[in-house]
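Asks: no sequence for this one, just the structure:
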């Protein structure tokens, strides 16, 4: 069975500072990895995804993530955050094929002016 | 990118009534749709997976007779909460995974439906 761990439930950071949101997963097979962002009372928006190939994945809004197979991690980073980045961020994993996503518990990013 | 809509965005109903939520893929054909439930400040919990033309597969602990799912076409799935009670109040989110044109490896999420049962 797959599982996703987001170690930080809340991450406060000052505007224009860098941020890293951590995600670790466990799976016995190859996986697809995703980061989604959720703004209040809205659905989830895909930030980026890793399916195969280059381990450094660039997404929307200046975010990027790096797949590290040996550490089973897929941490999300942004070099300089904005107030508008304040939201809930979810890491998710699925096996190759038609399996559902398994989500982490989410990390609340709060950007402080 | 692929767009998924949900209707209604917000619904308030009396206890004992039934509520239907629609999920539509607007610009791609969704062979598989998923229904999730999200409680305040918590992650998404998968309720069921539906493939077009087939019966939905429910996750353990989800009552199939209470949460009726229909996936009658490649662009529409519905979730009906039957005889809703206050404990069914939650944020319901659907997602869709498409054919090759829409991306078979990525789920696209609807904006969610806030259900409040009085």
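Replies: That came in fine, so what should we check first? Values in this document were obtained by computation on a predicted structure and should not be read as measured data.

Asks: run a quick neighbour tally on residue B:89.
Replies: A count of nearby residues for residue B:89, using other Cβ atoms under 10 Å in any protein chain shown, gives 17. The C-beta positions use only the backbone N, C-alpha and C, and glycine is treated the same way.

Asks: swap in the one 4 residues further on?
Replies: Taking other Cβ under 10 Å as the neighbour definition, residue B:93 ends up with a count of 25.

Asks: how close does it get to residue B:68?
Replies: Separation of residue B:93 from residue B:68 (Cβ to Cβ, to the nearest Å) stands at 17 Å.

Asks: same check on residue A:86?
Replies: Distance of residue A:86 to residue B:68, given as Cβ to Cβ: 37 Å.

Asks: ok, residue B:110 next?
Replies: Per Cβ to Cβ, residue B:110 is found 18 Å from residue B:68.

Asks: between these two, who's got more neighbours?
Replies: residue B:110 (28 against 16).

Asks: pretty sure the more buried one sits against residue A:42.
Replies: No. Assessed by Cβ atoms under 8 Å, residue B:110 is found out of contact with residue A:42, at 9.8 Å.

Asks: was I right to think residue A:9 contacts residue A:104?
Replies: No. In this structure, residue A:9 is not within contact of residue A:104 by Cβ under 8 Å, at 10.1 Å.

Asks: with neighbour numbers in mind, choose between those two.
Replies: Each of residue A:9 and residue A:104 has its neighbours counted (other Cβ under 10 Å); residue A:104 has more, 24 against 10.

Asks: how about the contacts made by the more buried one?
Replies: A:4-6, A:23, A:90-92, B:43 (Cβ atoms under 8 Å, 6 or more residues apart in numbering or on different chains).

Asks: for chain B, give me the ranges with low pLDDT.
Replies: Residues of chain B that meet the criterion pLDDT under 70 lie in B:1, B:99-105.

Asks: show me where it has helices.
Replies: With DSSP state H, there are no helices along chain B.

Asks: give me every residue in it lying close to chain A.
Replies: B:1, B:4, B:6, B:32, B:34, B:42-44, B:46, B:49, B:91, B:93, B:95, B:97, B:104-112, B:114 (Cβ under 8 Å from any Cβ of the partner chain).

Asks: go with 10 Å
Replies: B:1-2, B:4-6, B:9-10, B:31-32, B:34, B:36, B:38, B:41-46, B:48-49, B:51, B:57, B:59, B:91, B:93-95, B:97, B:103-114 (Cβ under 10 Å from any Cβ of the partner chain).

Asks: show the buried residues in the residues you listed.
Replies: The neighbour-count test (16 or more other Cβ atoms under 10 Å in any protein chain shown) applied to these identifies B:2, B:4, B:6, B:31-32, B:34, B:36, B:38, B:43-44, B:46, B:48-49, B:51, B:91, B:93-95, B:97, B:103, B:105-113 as buried.

Asks: TSV for the contacts of residue A:104, including distance to residue A:53 and secondary structure?
Replies: Shown next, in TSV, are these (distance: Cβ to Cβ, whole Å; DSSP: H, G, I helix; E, B strand; the rest coil):
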residue	distance to residue A:53	secondary structure
A:4	21	strand
A:5	24	strand
A:6	24	coil
A:23	19	coil
A:90	23	strand
A:91	19	strand
A:92	19	strand
B:43	28	coil
